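Peer 1: Quick one, structure for this:
(chains A and B)
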Amino acid sequence: DAKTTQPNSMESNEEEPVHLPCNHSTISGTDYIHWYRQLPSQGPEYVIHGLTSNVNNRMASLAIAEDRKSSTLILHRATLRDAAVYYCILSARDDKIIFGKGTRLHILP
Amino acid sequence: EAQVTQNPRYLITVTGKKLTVTCSQNMNHEYMSWYRQDPGLGLRQIYYSMNVEVTDKGDVPEGYKVSRKEKRNFPLILESPSPNQTSLYFCASKQGGGGYTFGSGTRLTVV
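Peer 2: Numbering: from 1, shown residues only, chains lettered A, B, ... in the order given. Alright, predicted model coming up:
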């Protein structure tokens, strides 16, 4: 199964953009790239997902490398409420997903 | 409101006493899954189901059973719980290529 690699933690200043990287060098052609986040004492929350093209929604943007071996979640203007663990996940055709260890994002006021 | 509902939220039980954690979704999703979350190990998939009467093992299925007799429900069964099954459990559902919706979690302690 394809795995993902993320930094253990990152810091960013409030109201600045945040770029969260994810490496997935063994990704297969049918794997979707999903991003989720988990706030303290809550279940994971869907953020965004994509296959090949960059994606935007109201929460974030997802930039996918041309070779699909890496991706970047972009929070355009971080707030204190964005402090969470962010998971980069590959979702295979059969919908089985594998969570990475995640990146703990700290937002500095 | 579209949601995944787990019950109970908290449970303390003794070793060997069978228990069931219920999971129900109101979105008519075909795919459902159970995860456990442990410190330092992240979220690991226990079992998943692609549709009614179709279930398959995830990464850590030992000691667990599931059933999918109807689309909305996907209970997690521990026939003989042991202390190493003390964990935080999450149920999730999705439809097609969309994102997953997770429940609020069940914190289980086995003593």
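Peer 1: how about the helix or strand hosting B:Q6: buried residues?
Peer 2: Assigned by DSSP states H and E, B:Q6 belongs to strand B:4-7. Neighbour-count burial for strand B:4-7 flags B:4, B:6 (criterion: 16 or more other Cβ atoms under 10 Å in any protein chain shown). Backbone N, C-alpha and C define where each C-beta goes, glycine included.
Peer 1: try stretch B:60-70
Peer 2: Using 16+ other Cβ under 10 Å as the burial criterion, the residues of stretch B:60-70 that qualify are B:60-61, B:64, B:66, B:68.
Peer 1: re the thing from before, if you average the pLDDT over the strand holding B:Q6, what comes out?
Peer 2: Strand B:4-7 shows a mean pLDDT of 97.
Peer 1: Spell out which residues of chain B are next to chain A.
Peer 2: B:31, B:33, B:35, B:42-45, B:48, B:50, B:56, B:58-59, B:90, B:92, B:94, B:97-105 (Cβ under 8 Å from any Cβ of the partner chain).
Peer 1: Quick check: PyMOL command selecting the buried ones in those.
Peer 2: Filtering the residues of chain B next to chain A down to the buried ones (16+ other Cβ under 10 Å) takes a single PyMOL command:
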select buried, chain B and resi 31+33+35+42+43+44+45+48+50+58+90+92+94+99+100+101+102+103+105
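Peer 1: Filter the residues of chain B next to chain A down to the ones in strands?
Peer 2: In strands, defined here by DSSP state E, the members of the residues of chain B next to chain A are B:31, B:33, B:35, B:42-45, B:48, B:50, B:56, B:90, B:92, B:94, B:101-102.
Peer 1: So for the residues you listed, which is the shakiest by pLDDT?
Peer 2: Lowest pLDDT within those is found at B:G42 (82).
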